[in-house]
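Asker: kindly generate the corresponding structure for this input.
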Amino acid sequence: MSHRYVRRGTTAAVGGALVLGSLAGPASAAGEVPVEVLNGTFAAPQAKAGTHATGHDDWSGTGAGQTGGAVFAADLAGHPGAFQAATLNWNGDLTVSTRLWGVKKSAVVRVAWDDSPSTYAQCTATQLAAGQKYRVMATGGESQAYTTEPSTKVGSAKWATGRTYSFTAGENNPLVSFVSEEKGANRSCGPLVTRVTGEQVPAPVDTSVKKTVMPLPEAYDLHTVIDPGLVVTHCNTSDTHCTFEKDARYSYQYYDRPRMLGDVYLNCTRNALPDERVLKWDEFPYDSISQYYVQKKPPAPLDPRDNIAKSRDRLGRQIAAGFTVADGNTHQMATTNPLTWSRTNERKLTVSVQPGEVSWIEVQPSRERVTGALISTNNKYRMDVMLDTPSQSLADRFYQRTGPLSRIELDRCGDHRLTAVTPDNAAGAPTLKSTGKKTLSP
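Answerer: Numbers count the residues shown, from 1 in each chain. From the prediction side, this is the model:
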């Protein structure tokens with residue numbers, strides 16, 4: 001089908017009033033933070049003036065129309081902010097979708113955008129007269145109907161700004177879709193949308209997740225869910241295949257549960273006793289990738305307590321580099337806070353144990369819970385991962401504990417020594433005292 005374009009004048013309608021220029025988006029509610037919408041103004045690919053370009057980066061276009069969809073050049077779209085726009089019809093009706101990366105399940109999300117009836121020159125007046133219909137839906141939300149402003153002038157934009165849609169995310173990285181309901185005479189005449197933005201009230205950080213049972217990785221090819229093993233293999237093929245982006249909102253430092261080290265020392269004597277101890281302990285790394293292989297792909301090719309930087313060395317370096325960059329070390333220079341995969345600790349202590357007391361040592365190790373995404377540099381692969389490693393910048397807590405003896409321990413301290421009932425063959429043998437012999441004075 002041939003396509004002809006017309007560039008005409010533009011108006012922007014807000015609540016029935018006509019205004020010039022770009023308007024501010026909806027005001028933020030308390031607790032809301034921005035959500036990044038990739039290519040929200042459909043700037044890529046860039047269309048030549050007065051024409052369209054096939055596809056829209058970071059968005060998918062499916063349905064009866066041309067696979068991949070299309071974007072109108074800024075002058076053809078006629079938006080007062082000079083943005084390109086996605087058409088929801090091109091050789092048929094389309095569903096144009098994107099994922100809101102970094103939004104977690106149960107977050108309360110609001111998406112905002114601008115819409116206009118089509119500026120396509122081959123639209124009919126009938127297709128524009130009552131506005132053009134489409135729906136918006138998202139994972140966890142209801143489908144909601146929208147209609148653009150009506151237009152009486154074929155080829156002329158009439159932008160309405162600040163359309164909104166709210167929902168509670170039903171999954172991580174929820175999918176948001178704009179679905180055309182225009183099936184009129186000209187199959188390429190459909191609503192235009194652009195300047196898509198997002199806000200959220202984030203889901204709370206779940207600090208109850210155990211390091212040994214993490215959520216499994218979630219992997220995607222653009223927006224399609226795929227096997228995480230595909231992304232692992234791809235990233236580990238080359239140091240430059242993937243980068244790691246840390247999610248600061250859901251990453252944190254914490255103290256693990258305390259545990260006892262070495263022996264328990266009981267002082268049953270009447271005097272304080274010094275006790276010299278050498279303590280040695282290990283801190284292991286945990287990650288959702290290794291746990292995925294253990295649970296989903298037996299026999300597991302990875303030891304779940306292994307250092308993933310050894311078993312998947314390139315992938316490990318990508319994660320470590322992303323951690324360093326997120327720490328403010330953009331050029332990855334030498335750092336005192338590297339991602340520490342594992343750690344062996346040793347400490348020598350001299351402890352004074354008081355009479356009637358028991359003494360022991362506990363350690364409460366500091367840990368890093370790191371959440372983020374491995375993102376391919378040469379295709380559309382992306383995978384959310386979680387790892388838990390010893391912290392390099394937060395000191396361990398080291399407890400020297402003392403306390404009273406328990407009843408059982410007191411009974412043991414008051415019991416006869418083990419040798420008290422040992423047979424003694426010297427019983428009845430003569431002694432110096434019994435023979436009357438004198439001993440030498442000292």
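Asker: where along this structure do the helices fall?
Answerer: With DSSP state H as the criterion, the chain has helices at 74-77, 125-129, 228-237, 288-296, 308-311, 313-326, 407-414, 432-435.
Asker: between these, which one is nearest to residue 107?
Answerer: Taking C-beta to C-beta as the criterion, residue 107 comes closest to helix 288-296 out of the helices of the chain, the separation being 20.0 Å. Quick note: C-beta positions are derived from backbone N, CA and C, even for glycine.
Asker: packing partners of that closest one?
Answerer: helix 228-237, helix 308-311, strand 381-390 (3 or more C-beta pairs under 8 Å, 6 or more residues apart in numbering; DSSP states H and E).
Asker: got the angle between it and helix 228-237?
Answerer: Here the directions of helix 288-296 and helix 228-237 differ by 140 degrees (axes from the mean of the first three to the mean of the last three C-alpha atoms, to 10 degrees).
Asker: please compute how far helix 288-296 lies from its chain's middle.
Answerer: Computed by C-alpha atoms, centre = their mean, to the nearest Å, the separation of helix 288-296 from the middle of its chain amounts to 17 Å.
Asker: just stretch 31-45 next, same as before
Answerer: On C-alpha atoms, centre = their mean, the centre of stretch 31-45 falls 18 Å from the chain's centre.
Asker: end to end on that stretch, go ahead and measure it.
Answerer: The first and final residues of stretch 31-45 sit 34 Å from each other (C-alpha to C-alpha, to the nearest Å).
Asker: give the buried residues for that stretch.
Answerer: Residues of stretch 31-45 classed as buried: 32, 35, 37, 39, 40, 41, 42, 44 (neighbour count, 16 or more other C-beta atoms under 10 Å).
Asker: could you do stretch 165-176 as well?
Answerer: Of the residues in stretch 165-176, those with enough neighbours to count as buried (16+ other C-beta under 10 Å) are 165, 167, 168, 169, 171, 172, 173, 174, 175, 176.
Asker: quick one: residues contacting the fifth one.
Answerer: Same thing as residue 171. Contacts of residue 171 were listed using C-beta atoms under 8 Å, 6 or more residues apart in numbering, and they are 105, 139, 140.
Asker: for residue 228, see how far away it is.
Answerer: With distances taken as C-beta to C-beta, to the nearest Å, residue 171 is found 16 Å from residue 228.
Asker: re the thing from before, most packed of the helices of the chain?
Answerer: Among these, helix 74-77 has the highest mean neighbour count (mean count of other C-beta atoms under 10 Å), at a mean of 24.
Asker: contacts made by that one with the rest, please.
Answerer: Outside of helix 74-77, the residues that reach it under the criterion C-beta under 8 Å, 6+ apart are 5, 7, 47, 49-52, 82-85, 116, 119, 157, 192, 194.
Asker: gap between that helix and the chain center?
Answerer: For helix 74-77, the distance from its own C-alpha centre to the chain's C-alpha centre is 37 Å (C-alpha atoms, centre = their mean).
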